[in-house]
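Asker: Give the three-dimensional model of this entry:
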Amino acid sequence: MNIKHLLISLLVNGLLIYVAANVLPNVRVDGFWAAIMVAGVFALVNNLVKPIVSALALPITVVTLGLFTFVINGLMVLLTDWLLQGFEVSSFLMAIVFGVVLSVINTIAGSFSLN
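Answerer: As a prediction, this is how the structure comes out:
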């Protein structure tokens, strides 16, 4: 992936985060540029922390038939909330909902990709 695709992906994800935060109650982002920062930090958290947590939680994920991945995703949203000041999620349940909504709209947006 070259830098152009990375920047476009960051801008699109920032826009999707901005829209999701404005649609969902109890999720706040302080503007579009803060949403882009959230997109960058969330991408880093998902690429650096989530694989370790997922590996450690593999037994419980298997027992719950994969449903525990929603919990892990919610934890990644809360970690992003903790790392940034311009982003706030009011509760663990809203973090899970935000993660699911973000995944769905990311999948829809990805289906329009020109790659």
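Asker: Quick one: mean pLDDT over the helix or strand harbouring residue 53.
Answerer: Applying DSSP states H and E as the criterion places residue 53 in helix 50-56. For helix 50-56, mean pLDDT is 97.
Asker: And it, what's buried?
Answerer: Of the residues in helix 50-56, 50, 53 count as buried by neighbour count, 16 or more other Cβ atoms under 10 Å. Where C-beta positions appear, they are placed from N, C-alpha and C, glycine not excepted.
Asker: For the remainder of this discussion, apply numbering that starts at 58.
Answerer: All set: I'll call the first residue 58, so the last point we hit is now helix 107-113.
Asker: which residues are in contact with it?
Answerer: 118, 126, 129-130, 132-133 (Cβ atoms under 8 Å, 6 or more residues apart in numbering).
Asker: Which one of these sits in the busiest neighbourhood?
Answerer: residue 130 (21 neighbours; other Cβ atoms under 10 Å).
Asker: so it sits right up against residue 157, yeah?
Answerer: Yes. Between residue 130 and residue 157 there is a contact under Cβ atoms under 8 Å: 7.5 Å.
Asker: returning to what we had before: of the contacts of helix 107-113, closest to residue 94?
Answerer: residue 133 (15.5 Å; Cβ to Cβ).
Asker: What helices and strands are in contact with the helix or strand hosting that closest one?
Answerer: If you go by DSSP H and E, residue 133 is part of helix 125-140. Applying 3 or more Cβ pairs under 8 Å, 6 or more residues apart in numbering; DSSP states H and E, one finds that helix 125-140 makes contact with helix 89-105, helix 107-113, helix 115-120, strand 144-146, helix 149-167.
Asker: could you check the angle helix 89-105 makes with that helix?
Answerer: 130 degrees (axes from the mean of the first three to the mean of the last three Cα atoms, to 10 degrees).
Asker: Got the confidence number for residue 102?
Answerer: On the pLDDT scale, residue 102 gets 97.
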